[in-house]
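A.B. asks: My questions concern the predicted model and sequence given below.
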Amino acid sequence: MKKVENILHKYGHQTSRIIQILQDIQVEFNYLPKETLEYISQRLRMPMSKIYSIATFYAGFSLNPRGKHLCTVCVGTACHVRGAANVLDRIEERLGIKSGATTPDKLFTLETVNCLGACALAPIVVIDGEYHGQTTVNKVDVVIDKYEKKDS
Amino acid sequence: MKKKTVNREFRLDLLVCAGTGCVANHSYEIKEELGKEINRHGLQKEVRVITTGCNGFCERGPIVVVQPDGIFYQRLTKKDVPYLVEEHLLKGRPVKKLMYIPSPEEPPVPKMMDIGFFRHQRLIVLKNRGRIDPENIEEYIGFDGYQTLEKALTKMTPEKIIAEIKASGLRGRGGAGFPTGLKWELCRKTRSAMKYIVCNGDEGDPGAFMDRSVLEADPHAVIEGMVIGARAIGAHKGFIYVRKEYPLAVKRVKIALAQAEEYGLLGENILGSGFDFSIDVVQGAGAFVCGEETALLASIEGKVGRPRPRPPYPTESGLWDKPTNINNVETWANVPTIILRGAKWFSSIGTKGSKGTKIFSLVGKINNTGLVEVPMGITLREIINDVGGGIPGGKEFKAVQTGGPSGGCIPKSLLDLPIDYESLTKAGSMMGSGGMIVMDEDTCMVDIARYFLDFTLHESCGKCPSCRLGTKHMVQILNRITEGKGEEGDIEFLEDIGKNVKLASLCGLGQTAANPVLTTIKYFRDEYLAHIKEKRCPALVCKSLISYVIDAELCSGCTVCAKNCPSDAITGEPKEIYTIDQKKCTKCGICLTVCPPKFKAVKKVSPPVK
């Protein structure tokens, strides 16, 4: 809880900075653990219901632990017209999970994003912050293999 | 403040683009390699390497421009660097094979300003892109940066600043096009001891990245604009709200703010004028609706980002119920140049009702994907053909989508439309923040309508039933149509719901949600009818309405498709004709992409094979 306390301190224990606080918590823990939210609720004297409404309203927050690798598929318009839907289908098929889920071995979490603003690279798949531009359905396996291999 | 000049002692400057697109294509590695090679040849005292913000020509990244000659190198890889350094920097022979080639029949174009993509642009907001290091305030100052601030703080009254912005005809670049000067005046006139200034950088329209680029390439222009605006309105605190999907923009803005404070351009007693103003950065958390001003304000206050009814407008009651002036990134970035060069100059550019320039992100099925700044009044045809270099692969242009999920699809027949706020609205679309998505014959307009509605459905905050339920109902109908289960009367029903969602929703998100559907029905009714009546997708996109087949006459039995099929749906013997088992096929399309171009045996057909 020392880490949480540091984050709260950074934002002066202000309830108006709750979004930034939750963002920092997520960077630290990879998701928003329930017990941490309860702790924050007590420290800021902010009802859990309010924290929960914020954590569920904003798409950037996750209440479940995420996998070791975060795979984000951009489904912005530019990516869409260049075939992002097929790429996403293929990744879902390959990982055996739907977007928003984590593989049972906790290796991959699959998410979509509305636009990364790097449309020249469309369709884009980002894994652990690394951009894979012009991803086509037949490149999916090569890209995923690379991250799977890292762990074997 | 003394004007500092940029160090010009170097023979050559290498400007390495470090916008998000080029960075993703490893431009920092190129920079490192350039440094190594320059040192290896002992050129470090003659040649300098600078990282700049986004050049806009993201399609061609990573980009390096050699100044003062303006030689433009594109799509560089690490292994090109030693040759480039030796040939160009050491021997003075620019390397042709690394230059931009418009088409295989044409010669390479050495100079940046001779490339069609750049030649037709008019830069006001993006004037510093690709020429300064956005992480170094000295470079911004070297190109007249913060000159205007000095003028505005010491030689102009707040009323004079507002009069100048009003006379310039500047309108909000975030989409709605409200006159900026008028907004400032309204906010100034509201009496309050505390007022706020907000920069809206929650650029949520998919396919739009103007604000990202401005914040990454020239953050000080936005800051300078905000300080001038704060002075005019009488605010002492400002916020820059940036969406979390733009980590590089957030980083650069934070660096710029720290530098501006260090130079006394932010904080207390700015430039000795007695005026105090500071800015904080707030990062969004992934909610499209927060681009709406009242939702954005709620988000800054640490609440759920739901819009509220207006009036009262934020200029009367905004952040923490205090008068608040919100403008978009691009609007703020226009301000310093307008004050510096005057309203008369600015209003000489553009059309009667829309002055100045507009930045568009030109994306989708277009050769020169990137960011372009053009004068208002330019036609869509000029943007797509002259700046954008036309459609790739000799395909036919079908439509251009402007205004993001609030906008509409504009067909070929309206290509000569001069672009301004009014003309786009008249065509059923809107200016929006400036996303321009080009679509070709392979884009299904029903699928696009479904795509946008699905987007709006997920991003609807849920407050108004018309938006929450109307978009859901429309998506269900569109899903049915794309799955081949469309019925007679669906089109009319969509139009009916669409009009009601428009009428009964509180904020812009709901009011404009139906635009993508209504415009595609208006201009591409045929495609809807083909889906509904013939169960056919003319663009061969909707998965339920297509099949992949192998043309027996073209198949040579090379086995590539069968080897790559992840569902083992393709069978056959080597050197003989292969066939696809439609029951096993998941329609992933891999066979089509791997079939060698010399055979082109795999095809999509619609209606699907039974």
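C.D. replies: The structure has been received and is ready for your questions. Numbering: from 1, shown residues only, chains lettered A, B, ... in the order given.
A.B. asks: How about the contacts made by whichever residue of the stretch 401-550 of chain B sits closest to chain A?
C.D. replies: Nearest to chain A in the stretch 401-550 of chain B, going by Cβ to the nearest Cβ, is B:Ile437, at a distance of 4.8 Å. For glycine as for every other residue, the C-beta is placed from the backbone atoms N, C-alpha and C. B:Ile437 makes contact with A:77-78, A:81, B:207, B:363-364, B:400-402, according to Cβ atoms under 8 Å, 6 or more residues apart in numbering or on different chains.
A.B. asks: Can you say which of these are buried?
C.D. replies: Among the contacts of B:Ile437, those scoring as buried are A:77-78, A:81, B:207, B:363-364, B:400-402 (criterion: 16 or more other Cβ atoms under 10 Å in any protein chain shown).
A.B. asks: circling back: quick one: the residue of the stretch 401-550 of chain B closest to chain A and B:Gln401, what's the gap?
C.D. replies: Computed as Cβ to Cβ, to the nearest Å, the B:Ile437 to B:Gln401 distance reads 4 Å.
A.B. asks: shared neighbours, those two?
C.D. replies: Taking Cβ under 8 Å, 6+ apart as the criterion, B:Ile437 and B:Gln401 both touch A:77, B:207, B:364.
A.B. asks: Quick check: the gap between A:Lys3 and A:Lys10.
C.D. replies: Distance from A:Lys3 to A:Lys10, by Cβ to Cβ: 11 Å.
A.B. asks: Any chance of TSV for the contacts of B:Ile437, columns secondary structure and distance to B:Gly510?
C.D. replies: Below are those laid out as TSV (DSSP: H, G, I helix; E, B strand; the rest coil; distance: Cβ to Cβ, whole Å):
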residue	secondary structure	distance to B:Gly510
A:Thr77	helix	19
A:Ala78	helix	24
A:Val81	helix	25
B:Gly207	coil	21
B:Val363	strand	25
B:Gly364	strand	26
B:Val400	strand	24
B:Gln401	strand	19
B:Thr402	strand	19
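A.B. asks: the strands in chain A, which residues?
C.D. replies: Ranges of strands in chain A, per DSSP state E, are A:69-74, A:108-113, A:125-127, A:130-132.
A.B. asks: swap that for the stretch 401-550 of chain B, please
C.D. replies: For the stretch 401-550 of chain B, applying DSSP state E, counting those that start in this stretch gives strands covering B:408-411, B:435-440, B:547-550.
A.B. asks: For the longest one, give the mean pLDDT please.
C.D. replies: Per-residue pLDDT values across strand B:435-440 average out to 94.
A.B. asks: From the chain's centroid, how far away is it?
C.D. replies: The chain centroid and the centroid of strand B:435-440 are separated by 11 Å, computed with Cα atoms, centre = their mean, to the nearest Å.
A.B. asks: Give the pairing partners of it; include direction for each.
C.D. replies: strand B:357-364 (parallel), strand B:397-402 (antiparallel) (DSSP bridges).
A.B. asks: hang on, the earlier thing: return the most buried member of the strands of chain A.
C.D. replies: Ranked by mean neighbour count, the strands of chain A are led by strand A:69-74 with a mean of 22 (mean count of other Cβ atoms under 10 Å in any protein chain shown).
A.B. asks: packing partners for that one?
C.D. replies: Counting contacts by 3 or more Cβ pairs under 8 Å, 6 or more residues apart in numbering or on different chains; DSSP states H and E, strand A:69-74 packs against helix A:84-95, strand A:108-113, strand A:125-127, helix A:140-151.
A.B. asks: and the angle from that strand to strand A:108-113?
C.D. replies: Comparing the axes of strand A:69-74 and strand A:108-113 via axes from the mean of the first three to the mean of the last three Cα atoms, to 10 degrees yields an angle of 20 degrees.
A.B. asks: For strand A:69-74, C-alpha coordinates in CSV please.
C.D. replies: As requested, the backbone C-alpha atoms of strand A:69-74 are provided in CSV (Å, rounded to 0.1, in the frame of the first residue of the first chain):
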residue,chain,number,x,y,z
HIS,A,69,1.4,-9.1,-23.1
LEU,A,70,-1.2,-6.5,-24.0
CYS,A,71,-2.3,-6.8,-27.6
THR,A,72,-4.2,-3.8,-28.8
VAL,A,73,-5.8,-3.8,-32.2
CYS,A,74,-6.7,-0.4,-33.6
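A.B. asks: How far away from the center of its chain is it?
C.D. replies: Using Cα atoms, centre = their mean, the offset of strand A:69-74 from its chain centre is 7 Å.
A.B. asks: With stretch A:85-93 instead?
C.D. replies: The gap between where stretch A:85-93 is centred and where its chain is centred comes out at 17 Å by Cα atoms, centre = their mean.
A.B. asks: What residues sit buried inside it?
C.D. replies: A:85-91.
A.B. asks: which ones are touching residue 59?
C.D. replies: This is for chain A. For A:Ala59, the contact set (Cβ under 8 Å, 6+ apart) comprises B:285-287.
A.B. asks: ah, no, chain B please
C.D. replies: A:120, B:367-370 are the contacts of B:Glu59 under Cβ under 8 Å, 6+ apart.
A.B. asks: Which of the residues you listed fall in strands?
C.D. replies: Per DSSP E, the contacts of B:Glu59 map to strands at B:Gly370.
A.B. asks: what's the closest of the contacts of B:Glu59 to B:Val47?
C.D. replies: B:Val47 lies nearest to B:Gly370 out of these, by Cβ to Cβ, at 26.8 Å.
A.B. asks: what does the lengthiest helix in chain B rub up against?
C.D. replies: Looking across chain B with DSSP state H, the single longest helix is helix B:465-482. Helix B:465-482 is contacted from outside by B:444, B:446-447, B:449-450, B:453-454, B:456-457, B:460, B:462, B:486-487, B:490, B:493-494, B:497-498, B:500-501, B:503-506, B:509-510, B:513-514, B:517, B:528, B:531-532, B:537, B:542, B:544-545, using Cβ under 8 Å, 6+ apart.
A.B. asks: cool, and stretch B:589-606?
C.D. replies: By Cβ under 8 Å, 6+ apart, the residues outside stretch B:589-606 that reach it are A:83, A:86, A:90, A:136-138, B:536-538, B:540, B:542, B:545-551, B:554-556, B:558, B:560-561, B:564-566, B:570, B:580.
A.B. asks: pLDDT weak spots in chain B?
C.D. replies: For chain B, the stretches with pLDDT under 70 are B:1-8.
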